[in-house]
Structures are given as C-alpha cells and as structure tokens.
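Novice: Generate a structure from the sequence data that follows.
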Amino acid sequence: MKNHAWRPLWLAIGLIAAVLTARHFLVPQDFGVHGDSFTYNFYRLGAVQFWEDFPDKYQGRERCAKCHDENAEANATSKHRNIQCENCHGPGTGHPKQVKQLPINSSRELCLRCHEYLAYPSSLRSQLPGIDGDTHKAGKECRKCHDPHHPDLEG
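Specialist: Residues are numbered from 1 along each chain as shown. Predicted structure coming up:
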C-alpha cells in the first residue's frame, strides 16, 4: 500500500490510543459500578456517599409549618397549595438559627413563570389564569395587589 493510505490509518490508531490512555488517567477507579437505579446503570461508587453527606438545601413545607402555621393553613386551602414555600421564599437551609429571614422573591418574573398567558389550548399550563405581563400593571410587583397565600383575594 502507498504511504498516503497508511497515514490516515496510523493517525486513527494514534487517536484511539490517546483517548484510551487519557481515559485510563481521567476516569475515577470507582466508576463503572453497575446498579439498577442509576442512569444507564453506571455510576461512580464514591458519588453515593457524597450525595448522602450533601446537606439538604430545601426543607419542605412541613418544616415551615412548624413555626409559620398561619401561612401554612392559608396556603393549604389556596390555589397555590401545590407550590412549596421555598419556591418563593428560597431554600430554608440554616433557617432560623443561622439565617434569620429567608429572602422572598417578589419579582414579577417569578409569578409570570406560571401566570404569563400562553396560547396552548391543549396543555395543563393553559388552565392557569394568565395575564399579558407587558400590559397588566407593567413594572409593578404582583404582591402589591395579590397575596400569594390568598390568591383568590384582591389585596
């Protein structure tokens, strides 16, 4: 065979060798453990302990209700009952000991994630009350007129 035919073949073999060598040094030794509950049945064994030790950032509405029972009761009967407290109030890690007050996201963008009108008649999203965010009291926080814990009442 001529040289021009051998060169691409040697180049391909060299690339494959380089990839396999790099893989040997870059992929952790505990990768490739098989298990039924992980994506594609491969995972890194050390990752299991890492995620077990990882601190919870979101505490859940049950923890919030221990101290904020009035808001929890109001929210439980409102149309927002399926939305977790921390979606608007931020993650509850360290509250109330290290973080005295959780920052409340009162931006229009948060409300418009669900309440911006979309013309998708067949989707569940179209069943939510929708507004045109550009014209409906533009630039004003939704909370000024609407109480998120009582969304049926005007503020």
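
Novice: burial of residue 25, as a residue count?
Specialist: Residues near residue 25, counting by other C-beta atoms under 10 Å, number 6. C-beta: built from backbone N, CA, C; applies to glycine.

Novice: To clarify, my last question referred to residue 73.
Specialist: So residue 73, with other C-beta under 10 Å, has 12 neighbours.

Novice: Secondary structure element holding it?
Specialist: Per DSSP states H and E, residue 73 falls inside helix 69-76.

Novice: mean confidence score for the next helix or strand after that helix?
Specialist: Following helix 69-76 in sequence order, the next helix or strand is helix 86-89 (DSSP H and E). Mean pLDDT, helix 86-89: 90.

Novice: In helix 86-89, which residues are buried?
Specialist: Within helix 86-89, the residues scored as buried using 16 or more other C-beta atoms under 10 Å are 86, 88-89.

Novice: Sort out which one of those residues lies nearest residue 68 for me.
Specialist: Top of the list for closeness to residue 68, among those and by C-beta to C-beta, is residue 89 at 9.5 Å.

Novice: what's the distance between the closest one and residue 9?
Specialist: 62 Å (C-beta to C-beta, to the nearest Å).

Novice: So which residues of this structure form strands?
Specialist: 31-34, 42-44, 146-147, 150-154 (DSSP state E).
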